[in-house]
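J.: coordinates only, sequence not included:
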């Protein structure tokens, strides 16, 4: 899994999304499966075109990125609000981190080239 650095209050943190980050986020949001996490993120981060993100959306972004930081640095002395404060100062970082999360999600395995489909009668 790839990671990305983010500067928060002058300190550099690595953000990495994988199983541990998802476990941290699931615990925070009271979820139990990867599917629930994906559904919840899609719901919470459903940005409307030409509309400012809501405070709830900023909270969700902060939680998501904070979980990625804690997966790499469990003793990081920051909160999800600290993450949002940092992102509001440099919004260019956000797009890369969201793409990092998307790239970390499990992909369906491609069907083998020589696979033969069984006809059902």
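T.: Everything's here; your move. What you see is a predicted model, and the numbers here were worked out from it, not measured in a lab. Numbers count the residues shown, from 1 in each chain.
J.: buried sites along stretch 40-48?
T.: For stretch 40-48, a neighbour-count test (16 or more other Cβ atoms under 10 Å) marks 40-41, 44 as buried. Any C-beta I mention is one placed from the backbone N, CA and C, and that applies to glycine too.
J.: let me fix that: stretch 60-73
T.: 60-72.
J.: ditto for stretch 47-59
T.: Along stretch 47-59, these residues count as buried under the neighbour rule (16+ other Cβ under 10 Å): 57-58.
J.: which stretches in this structure count as helices?
T.: 19-29, 34-44, 55-72, 80-89, 92-104 (DSSP state H).
J.: distance to residue 6 and mean pLDDT added to the ones you listed, as a markdown table?
T.: Below are the helices of the chain laid out as a markdown table (distance: least, Cβ to Cβ, whole Å; pLDDT from 0 to 100):
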| stretch | distance to residue 6 | mean pLDDT |
| --- | --- | --- |
| helix 19-29 | 14 | 96 |
| helix 34-44 | 18 | 91 |
| helix 55-72 | 7 | 95 |
| helix 80-89 | 7 | 92 |
| helix 92-104 | 6 | 85 |
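J.: who touches the nearest residue to residue 104 once chain neighbours are set aside in this structure?
T.: The shortest distance from residue 104 to any non-neighbouring residue, by Cβ to Cβ, 6 or more residues apart in numbering, is to residue 17 (3.8 Å). The contact partners of residue 17, by Cβ atoms under 8 Å, 6 or more residues apart in numbering, come to 1, 67-68, 71, 100-101, 104.
J.: got it, and residue 103?
T.: Applying Cβ under 8 Å, 6+ apart to residue 103 gives the contacts residue 2.
J.: from residue 55, how far out is it?
T.: Counting by Cβ to Cβ, to the nearest Å, the gap from residue 103 to residue 55 is 27 Å.
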